[in-house]
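Chemist: I would like the atomic coordinates for the input below:
(chains A and B)
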Amino acid sequence: MEYNFREIEKKWQKHWVDTHAYQVSNTSNKPKYYVLDMFPYPSGAGLHVGHPLGYIASDIYSRFKRLKGFNVLHPMGYDAFGLPAEQYAIEHGVHPATSTAQNITNFRNQLDNIGFSYDWSREVRTSEPGYYKWTQWIFLQLFHSFYNRSSQKAESLGVLIADFEKNGNVNHECPGDATVHFTADQWKAYSEKEKQDILMLYRLAFCGYGEVNWCEALGTVLANDEVVNGVSERGGYPVVKKKLRQWYLRITEYADRLIDGLNHIEFSDAMKEMQTNWIGKSYGAEIEFEIQHSNSKMVVYTTRPDTIFGVDFMVVAPEHELIEQITTPEQKKAVEEYITYVKSRSERERQAEKKISGCFTGAYALNPFNGNPIPIWISEYVLAGYGTGAIMGVPCGDERDHKFAKHFHISITNIIGDHYNGVDANPTKDALLSNSDFLDGIVQREAIGIVNARIEEMGIGKKKVNYKIRDAAFSRQRYWGEPFPIQWKNGIAYPLSENELPLLLPTVESYSPGPEGEGPLANIPEWVAKELETNTMPGYAGSSWYFLRYMDPHNESEFCNRKASDYWNQVDLYIGGTEHAVGHLLYSRMWTKVLFDLGHIGFDEPFRKLLNQGMIQGSSRFVYKLVVKSKQTTSEFSFPIFLSSVYYEKFIKHGYISRETIENILNYRFDDKWSEPLPDSTGVLSIVPIHVDVNIVDGFELNIQEFQKWKNGEYANARFILENGKYICGSEVEKMSKSKFNTVNPDVLVEKFGADTFRMYEMFLGPVEQSKPWDTKGIEGVHRFLKKLWRLFFDETKGKVWTDESATSEELKVLHRTIKKIEDDTERYSFNTTVSAFMICVNELSDLKCHKREILEALLVMLVPYAPHIAEELYQHINGSGSILDASFPVFEEKYIIESSKEYPVSINGKVRTNITIALDASPEQVQEIALSNELIQKWMEGKTLKKFIFVKGKMINVVV
RNA sequence: GCCCUGGUGGUGGAAUUGGUAGACACGCAGGACUUAAAAUCCUGUUCGCCGCAACGCGAGUGCGGGUUCAAUUCCCGCCUGGGGCACCA
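Modeler: Numbers count the residues shown, from 1 in each chain, chains lettered A, B, ... in the order given. The predicted structure is shown next:
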């Protein structure tokens, strides 16, 4: 009987569906375990081999926990709102709901192929009204709440209003505008509009104004993704910043709790570091500077007040409101030109720019301690959104300031003596200050406090904690997202009541943008007539709380019943990529904290343990096309000519190919003699790399016949210049994507080798956490392993070969060593080493000719998480009853693997010279005696004296001479 | 530019807490079985040197230094691949 994986896998997949094998209940006397994959966006491109990596890992862990006696929640669903579906709708007129449903169907079919243990009865889709009703409901919770800084949690706005009526806002500093102060009487006297405007400054979900990428030519707002080098990706039109009314989430109020919460969850140190850096808490001071010949003042934020006497210039962000007031007439034109230039630049470009740019305003600030005038500059490297949008430039202590000063020939004051060498800035805090008036001779670290005290005393500044994190923009001028349950009346935002939810996304005629950068909803007269909000929510709205919905997916009266969330509690294991480090993973943590504060759930961190899967990269292949480039055009030969990679390498090395070389090659390589004249005799020959489908390349060798058929025969009449009779492609590791023709479809591999082989091979590739390029070569090894396993049970000619004989101690040792390895490694998510442990076990059992049920049955149970189909099939044969899914993981027993002696490596001065087998219970003295009396060791020690004898029990021996 | 992360044979990787570097596979080479092929099995496979082999010697975990009896592992400096940087999800 042969291993017929196609038949076996179909059979069991059907059986598992028929028997609801993966349905899980919210009530159980088993302990619970919740394993979750990061919410996938069902893209039209379908799954490539990179996607299932994490899914397989989580599936293995879920099944493992089930064998260990847990009630395991392992759901899957779709983050179904998003930009690509809308873009597709604009281009093809297909409703996003239609294309999304289609994509989901494909996605699901691909997943089903792989044999996952998802409980599909709990599937959710964020674009379904039954789901987004609750996204809207949570938005209303945010809208109706503020962050009470004294109790350190979200509370109902009612609490705030009650206090305003009694005390004004003395107890509650205004988070949206710290300059807002009012008494109880003033509050009561305010109009409805004034009150609402003030409340808006407190709400956790609030409306404000923010800059977007505005493309006039397309009449739309663009995502950062759609802007390339300052112009639109589609069409290449100019993109500028534009201020629009936007919704925000006040995540800044949660900054401290988001930092603190990291101490209570198991994320990698790298991940915690990224989140901490993103939140960017810093301790510093705000200092006020007077401006010469002006009544205005400028406020800078600095983390280094100790360097106040080293300030040689000021820099304000190009958006800073002071600029207009302080710019001198002589500088006006230059400043305006500079600001125009900056408007066309994205924030990223501004920060990444190596070329220093800036413009002098003509104005001077005055150092509050010595009255020295300090020139005020504008530069793109200062961002408006951080701190006060103005910094003090201290060239001797900050690298960027230093470069700026050098570039604009601003003289540099050295306040740190020898610590500054005139060439590089030195950001030390340990130098003794000089040139610093009353701070001379004081260590910088201590001077910080002294200056802070002095500025507070003088009333020109105060200590200030700052955060880099900004409030999260929460609206999009798009169609395919959740509508806001908000109505606008006389400029006041009124929430819909809960019983009006869900506010359904209406159908539209066209998906193109509304007037003035508004979203498509602004084009619907009925919508506008009802004064409904025309923005929609961003992609991360639905994904910020989906892990809760899985616990109670069909509940129509609550977002999630408290009993269900109390039972399932936190996600015990969350698997996904690091690309979500500072987006999704911060937003969902914040939402969880809000829901906790408001008493809707009983925990304030969503994910107890996070495992980051590495990215499977594509290994792209290139063919090299010969073209002729003149100054204006690129022309081609009448039939395309491709050169093997060796020629391209030469071309790259020398930067050009001579006409003679090419003519020689052409004449020499083609049997029928090259007769065509080279096109455009004035042009330069050049070689252009083109991505070629990796599926028609074997290793690096191009399959020329397939290539000529590729892309509907676009290159059917191509000619090739080969090396050693082969066309060798170039290669590069890049993101796996359709446009790079480097995707590999799991369906193809499952069809050829089976799901079990595919699952194990994905794991065998390397540690889940590590990124690596995909290479299909090697999958055969895993497939051979499964066939070898099969042969432990069935012989091609003899049929069944397993027996009921009892196992020998040698066989038990193999089994129990494997149990220990599989259990330990699975527990620490080291799935690549478990696969090799299975291989070693099967190799050893084959060598021992072991076909004993006692051993094999335990092996099958361990294999279930990894290769469930073959395990279930073989289990049915040897056991005959029950499903292996609910078997118990075999119990490791130390007694089977105890060894009495060990072959010690013996080194002389750290170099291994021989191995000696010594009893494990030998004393160090005995070991030394045995080792030193060894012939080989004596030979090595000849003429030398023993300096030290190192013996690590069970590990090694080192003789130092 | 800033933050995070990786670099070990021809290839993917192993070495879990500083203790035999290269487990397990792929590929390659040679062999067995077969009329032949597939499948399967066996042997070898880090590099260099000693004319082969055995044995042995030397080098070796991106590069350069350091700590240690001992470093892929710890420290310092550099080179380089990947991810993120706030409207892709």
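
Chemist: part of a helix, is A:Asp112?
Modeler: Yes: assessed with DSSP: H, G, I helix; E, B strand; the rest coil, A:Asp112 lies in a helix.

Chemist: surely it touches A:Gln13?
Modeler: Yes: when contacts are counted by C-beta atoms under 8 Å, A:Asp112 is listed as touching A:Gln13 (6.8 Å). Backbone N, C-alpha and C define where each C-beta goes, glycine included.

Chemist: just want the residue of chain A that's nearest RNA strand B.
Modeler: Using C-beta to the nearest atom of the strand, the closest approach of chain A to RNA strand B is made by A:Gly781 at 2.4 Å.

Chemist: who has more neighbours, A:Asp112 and A:Gln13?
Modeler: Between A:Asp112 and A:Gln13, counted using other C-beta atoms under 10 Å, A:Gln13 has the larger neighbour count: 19 against 14.

Chemist: quick one: mean pLDDT for the host helix or strand of that one?
Modeler: Following DSSP states H and E, one finds A:Gln13 within helix A:5-18. For helix A:5-18, mean pLDDT is 95.

Chemist: distance from it to the middle of the chain?
Modeler: On the basis of C-alpha atoms, centre = their mean, to the nearest Å, helix A:5-18 sits 35 Å off its chain's mean C-alpha point.

Chemist: restrict the very next helix or strand once past it to CA atoms and write it as PDB.
Modeler: Next helix or strand after helix A:5-18 toward the C-terminus (DSSP H and E): strand A:32-37. Provided in PDB are the C-alpha atoms of strand A:32-37 (Å, rounded to 0.1, in the frame of the first residue of the first chain):
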ATOM      1  CA  LYS A  32      -8.500  27.600  27.800                       C
ATOM      2  CA  TYR A  33      -5.900  28.600  25.200                       C
ATOM      3  CA  TYR A  34      -6.300  31.300  22.600                       C
ATOM      4  CA  VAL A  35      -4.100  31.200  19.500                       C
ATOM      5  CA  LEU A  36      -4.500  33.900  16.900                       C
ATOM      6  CA  ASP A  37      -3.100  34.900  13.500                       C
END
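
Chemist: what are the buried residues along strand A:32-37?
Modeler: Neighbour-count burial for strand A:32-37, counted by 16 or more other C-beta atoms under 10 Å, picks out A:Lys32, A:Tyr33, A:Tyr34, A:Val35, A:Leu36, A:Asp37.

Chemist: residues making contact with that strand?
Modeler: With C-beta atoms under 8 Å, 6 or more residues apart in numbering as the test, strand A:32-37 has contacts from A:54-55, A:58, A:61-62, A:65, A:70-76, A:547, A:550, A:567-576, A:607.

Chemist: try stretch A:459-474
Modeler: A:205, A:208, A:210, A:246-252, A:255, A:277-288, A:299, A:301, A:303, A:368, A:385-387, A:452, A:455-456, A:537-538, A:541, A:587.

Chemist: which of the residues you listed are buried?
Modeler: Buried among these (16+ other C-beta under 10 Å): A:205, A:210, A:246-252, A:255, A:278-279, A:284-288, A:299, A:301, A:368, A:386-387, A:452, A:455, A:537-538, A:541, A:587.

Chemist: of those residues, list those near RNA strand B.
Modeler: With C-beta under 7 Å from any atom of the strand as the criterion, the members of the buried ones among the contacts of stretch A:459-474 in contact with RNA strand B are A:Gln246, A:Trp278, A:Pro538.

Chemist: ok so the last one is a strand residue?
Modeler: No: inclusion of A:Pro538 in a strand is not indicated when three-state DSSP is applied; the result is coil.

Chemist: for it, which non-adjacent residue is spatially closest?
Modeler: Spatial nearest neighbour of A:Pro538, excluding adjacent residues (C-beta to C-beta, 6 or more residues apart in numbering): A:Arg476 at 5.1 Å.

Chemist: ramachandran angles for that neighbour?
Modeler: When read as degrees, to the nearest 10, the backbone of A:Arg476 gives phi -130, psi 150.

Chemist: then A:Ala270?
Modeler: Dihedral angles for A:Ala270 - degrees, to the nearest 10 - are phi -60, psi -40.

Chemist: what is the neighbour count of the closest residue to it other than its chain neighbours?
Modeler: Distances taken as C-beta to C-beta, 6+ apart place A:Thr578 nearest to A:Ala270, at 7.7 Å, with adjacent residues excluded. With neighbours defined by other C-beta under 10 Å, the count for A:Thr578 comes to 18.

Chemist: let me see the contact set for A:Thr578.
Modeler: So, once contact is read as C-beta under 8 Å, 6+ apart, A:Thr578 ends up touching A:Ala270, A:Met271, A:Met274, A:Asn612.

Chemist: the second one - how many residues pack around it?
Modeler: Think A:Met271. 19.

Chemist: can you give me phi and psi for the residue nearest to A:Glu2 when sequence neighbours are not counted?
Modeler: If the residues on either side of it in the chain are set aside, A:Glu2 comes closest to A:Glu796, at 6.8 Å by C-beta to C-beta, 6+ apart. The phi/psi pair for A:Glu796 (degrees, to the nearest 10) reads phi -50, psi -40.

Chemist: so A:His419 sits against A:Ala431, correct?
Modeler: Yes: contact status for A:His419 versus A:Ala431: in contact at 4.2 Å, counting by C-beta under 8 Å.

Chemist: number of nearby residues for A:Gln938?
Modeler: A:Gln938: 11 neighbours (other C-beta under 10 Å).

Chemist: so A:Gln246 makes contact with A:Phe206?
Modeler: No: between A:Gln246 and A:Phe206 there is no contact under C-beta under 8 Å: 9.7 Å.

Chemist: next up, the contacts around the residue positioned nearest the centre of chain A.
Modeler: Central residue of chain A (C-alpha atoms, centre = their mean): A:Glu579, 1.0 Å from the mean position. A:Glu579 is in contact with A:Met615, counting by C-beta under 8 Å, 6+ apart.

Chemist: tell me how far it lies from A:Gln102.
Modeler: To A:Gln102, A:Glu579 is 25 Å away according to C-beta to C-beta, to the nearest Å.

Chemist: just to revisit the earlier point, the buried ones among the contacts of stretch A:459-474 in helices, which ones?
Modeler: A:Ala255, A:Trp278, A:Ile279, A:Asn452, A:Ile455, A:Ala541, A:Tyr587 (DSSP state H).

Chemist: which two from these end up farthest apart in space?
Modeler: A:Ile455 and A:Ala541 (42.5 Å; C-beta to C-beta).

Chemist: now A:Ala858: closest residue in space, sequence neighbours ignored.
Modeler: A:Ala858 sits nearest to A:Pro890 (C-beta to C-beta, 6+ apart), 4.1 Å away.

Chemist: surely that neighbour and A:Leu856 touch.
Modeler: No: using C-beta under 8 Å, A:Pro890 is not in contact with A:Leu856; the gap is 11.4 Å.

Chemist: circling back to that earlier point, redo the buried residues of strand A:32-37 as JSON lines? Include pLDDT and distance to RNA strand B.
Modeler: JSON lines is the format used below for the buried residues of strand A:32-37 (pLDDT from 0 to 100; distance: C-beta to the nearest atom of the strand, whole Å):
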{"residue": "A:Lys32", "pLDDT": "97", "distance to RNA strand B": "26"}
{"residue": "A:Tyr33", "pLDDT": "97", "distance to RNA strand B": "21"}
{"residue": "A:Tyr34", "pLDDT": "97", "distance to RNA strand B": "21"}
{"residue": "A:Val35", "pLDDT": "97", "distance to RNA strand B": "20"}
{"residue": "A:Leu36", "pLDDT": "97", "distance to RNA strand B": "15"}
{"residue": "A:Asp37", "pLDDT": "96", "distance to RNA strand B": "12"}
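
Chemist: what's the closest of these to A:Lys563?
Modeler: Distances from A:Lys563 to the buried residues of strand A:32-37, taken by C-beta to C-beta, are shortest for A:Lys32, at 12.7 Å.
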